[in-house]
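[1] okay, sequence plus prediction incoming.
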Amino acid sequence: MLLKVLGGNQKIGNGSRRGEYEVYRFIRSLLIDSKERSMANMNGANALVKQLISEGVDTVFALPGAQIMTAFDAMHQAQDDISLIHTRHEQATTYMADGFAKVTGRPGVAMVTPGPGALNAASGLGTAYACSSPVLLVSGQIPSRFIGKGTGQLHEVNDQLDVFKPITKWNYRVSDMAEIPIAVHEAFRQLTTGNPGPVELEIAPDIMTQIGEVEIIEKEIFSQPQPFDSDIQRAVELIASSKQPTIIAGGGTILSGASEEVTRLAELIQAAVMTTPQGKGVIDENSHLSVGVNSAIGPAGLVLPESDLVIAVGTRLSPRGVQLEVMPTLIQIDIDPSEIGRRFDAEVGIIGDARQCLSAILSKLETVSIDTGSRNEDVLALRKKFKDEVERLAPRQLSIIDSIRNALHDDAIVVQGETNIGHWSSVAFTVGQPKTYLASSYFGTLGYSYPTALGCQAAFPGRQVIALCGDGGFMYSPQELSTAMTYGLNVVAVVFNNGSFGSSKWDQEKAFSGRYIGTDLVNPDFVVLAESFGAVGVRTNAEGIGDAIKDAFSRNSPVVVDVEIENMMPPFQIVE
């Protein structure tokens, strides 16, 4: 009822459209007053924690500070129902929450102090925004009576809400403790409807300590927009008449859990399937219909000219991945209406959840006659042609990536860092199932992989989790080895050590005549660094990487594998 009055699951803006939110509060107050309700007396921090628990949250990634200590105390009181994992830098709170969200499909939650704490967490929130990842950041605030007055309060930023507007789907400042459950509930509506994305809630310390009667709201399963039947029917007609269809599957297919539907559709119509890095694993990459990943390089230039129909599902069709001026006839499926036709005109645009839309298409397609014949030979030829091209460009990298793949379980979780082997892995590392390969999308976040991998390990303690790091990127967060040791997060961090910011140094070598400046690094001894935290350190070279990884996962400990390696060509700076 509430969502219908507010216009379904329309996007509520970043705090500026406060009037709509006031309507939400007013209607809920009417509903609460119209029925018997269970009210409890508590402070705002307890209301926050109890509402998080009600929404299904069992883990919060946080770093303490003056303005949020009441919330820490509330989590201590509720520790049978919710766990707190503290980090050593605020950036790790949102990275870990992002990793947790990506592999579980549930919102990840982070909590930090205002000002420097919140600003440190912004890089992780920006990454979540680029990846459409459901991450909730609970930020502290200065005392509410001082907000906006510029009096120099501890950690003051004026206006902190504005800082986060460009990298959140929605954000809001709570003004009274009684509205905390409502604000948290609205945050979860934003996180789980439409195109997912991060949200931020700000709560001042006096609101946290304020005591009053509040109602904890039950978890709600929010509906998604249903596709129009006429759009589905038109898509079915185009697909049924196509002879050489292609599917491009993006991160939206992973978010909606559409792996089975993508695979069924591909098999039914004999479509070649390309994915984005965010969609990697939505179809088993061992399948003869999987032709590869569009990343810095990709098979699009080979596949699309041979296609008479493209079905793009949950993807932005970004320029880096799809480098064509003219697209074949396009069916575009996306839950975000603004994405339809953004880059290419769509013959049919279907607005809705990827899984629901594909299910609707399949139910109609399975009742009509489709004559695509077998495309096995054609698709396998395209698959081989792209693989051969990658092998030609980067034989050394592919050898290393194959060694890593062979050392891991099929369900191992791989977090790709902004490093040479990470970049090439997006197109060359074979993934068999969804939610096992994570990347930072167009944000290209240096320093992302290790703390994000810790969040994945917190979600699945029994799974193999590996972070592919460069020496430059790993040094953004070596202090999180402390977090790994404290909570038994046995991630294996593979640090490719070439003593430089490798991609930038390669750029200087090839594009700037070897005028090197600011790209060489002085590194610690990574083995000794790991051991200083009580973790395990291993040193190897590229030839020994497979055995080193197998040994690392036998240690039952956080491990850093230092891999001495030369600088090599990245896929986005190809030099023939």
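    It's in.
[2] ok but G537 is inside a strand, no?
    Yes - according to DSSP: H, G, I helix; E, B strand; the rest coil, G537 belongs to a strand.
[3] ok, and what's touching whichever strand or helix holds S139?
    When elements are defined using DSSP states H and E, S139 is found to belong to strand 135-140. When contacts are taken as Cβ atoms under 8 Å, 6 or more residues apart in numbering, the neighbours of strand 135-140 outside the stretch itself are 48, 65-68, 71, 93-94, 97-98, 101, 107-114, 117-118, 121, 124-125, 128, 155, 160, 164, 168, 187-188, 191, 198-205. All C-beta atoms are positioned from the backbone trio N, CA, C, and that covers glycine.
[4] out of those residues, list just those in helices.
    Secondary structure of these is defined by DSSP state H; positions in helices are 48, 71, 93-94, 97-98, 101, 117-118, 121, 124-125, 128, 160, 164, 187-188, 191, 205.
[5] and the strand holding S139, what's buried?
    135-140 (16 or more other Cβ atoms under 10 Å).
[6] for that strand, which strands pair with it and how are they oriented?
    Paired strands of strand 135-140, with direction, are strand 108-112 (parallel), strand 199-203 (parallel) (DSSP bridges).
[7] what lies in contact with the last one?
    In this case it means strand 199-203. With Cβ under 8 Å, 6+ apart as the contact definition, strand 199-203 has outside contacts at 44, 48, 71, 114, 125, 135-141, 160-161, 164, 168-174, 180, 183-184, 187, 190-191.
[8] cool, stretch 147-154 as well?
    The set of residues that contact stretch 147-154 without belonging to it, under Cβ under 8 Å, 6+ apart, is 66-67, 115, 141-143, 146, 156, 158-159, 173, 204.
[9] among those residues, who's most crowded?
    Counting neighbours by other Cβ atoms under 10 Å, the top entry in those is Q141, with 29 neighbours.
[10] that one contacts M208, correct?
    No - under the criterion of Cβ atoms under 8 Å, Q141 lies out of contact with M208, with a separation of 9.3 Å.
[11] what residues do the two have in common as contacts?
    Residues touching both Q141 and M208 (Cβ under 8 Å, 6+ apart): Q67.
[12] low-confidence stretches in the protein?
    Scanning the chain with the threshold set as pLDDT under 70 gives 1-38, 319-325, 372-373.
[13] any idea how it splits into domains?
    Domain assignment of the chain by automatic domain parsing yields the ranges 2-214, 229-384, 394-564.
[14] tell me the contacts of T519?
    Here T519 is in contact with 500-501, 504-505, 508 (criterion: Cβ under 8 Å, 6+ apart).
[15] quick check: which of the strands paired with strand 135-140 is nearest to A249?
    With respect to A249, and counting by Cβ to Cβ, the nearest of the strands paired with strand 135-140 is strand 108-112 at 23.1 Å.
[16] so for the closest one, what gets flagged as buried?
    Along strand 108-112, these residues count as buried under the neighbour rule (16+ other Cβ under 10 Å): 108-112.
[17] and stretch 217-224, how far out from the chain's middle?
    What separates the centre of stretch 217-224 from the centre of its chain is 22 Å, taken as Cα atoms, centre = their mean, to the nearest Å.
[18] may I see the buried residues of the top helix by length along the chain?
    Taking DSSP H as the assignment, the helix of the chain that covers the most residues is helix 376-393. Of the residues in helix 376-393, those with enough neighbours to count as buried (16+ other Cβ under 10 Å) are 379, 382-383, 386-387, 389-390, 393.
[19] next: stretch 467-485.
    When burial is assessed from 16+ other Cβ under 10 Å, stretch 467-485 yields the following buried residues: 467-478, 480-485.
[20] which members of these occur in strands, if any?
    Cross-referencing those against strands under DSSP state E gives 467-470.
[21] ok, now which ones touch S230?
    For S230, the contact set (Cβ under 8 Å, 6+ apart) is empty.
[22] try 10 Å
    In this structure, S230 makes contact with V348, judged by Cβ atoms under 10 Å, 6 or more residues apart in numbering.
[23] sorry, back to before: wait, which of the ones in strands among the buried residues of stretch 467-485 is closest to T263?
    Nearest to T263 among these is L468, at 26.4 Å by Cβ to Cβ.
[24] for P461, what are phi and psi?
    Here is the backbone geometry of P461 (degrees, to the nearest 10): phi -60, psi -30.
[25] return the residues in contact with it.
    Going by Cβ under 10 Å, 6+ apart, the list of residues near P461 reads 487-490.
[26] go on, H86?
    Residues in contact with H86, defined by Cβ under 10 Å, 6+ apart, are 60-64, 72, 92-93, 111, 482-483, 486-487.
[27] 8 Å instead, please
    H86 is in contact with 61-64, 483, 486, counting by Cβ under 8 Å, 6+ apart.
[28] scan those and report the most crowded one.
    The most crowded member of the contacts of H86, judged by other Cβ under 10 Å, is F61 (33 neighbours).
[29] secondary structure element holding that one?
    strand 59-62.
[30] burial check on the closest residue to Q210 other than its chain neighbours, number of neighbours?
    Ranked by Cβ to Cβ, 6 or more residues apart in numbering and with sequence neighbours excluded, the top spatial neighbour of Q210 is M177, at 4.1 Å. When neighbours are counted by other Cβ under 10 Å, M177 registers 25.
[31] go ahead and confirm M177 touches A47.
    Yes - contact between M177 and A47 holds when scored by Cβ under 8 Å: they sit 6.2 Å apart.
[32] any shared contact partners between these two?
    Among the neighbours of M177, those also in contact with A47 (Cβ under 8 Å, 6+ apart) are V214.
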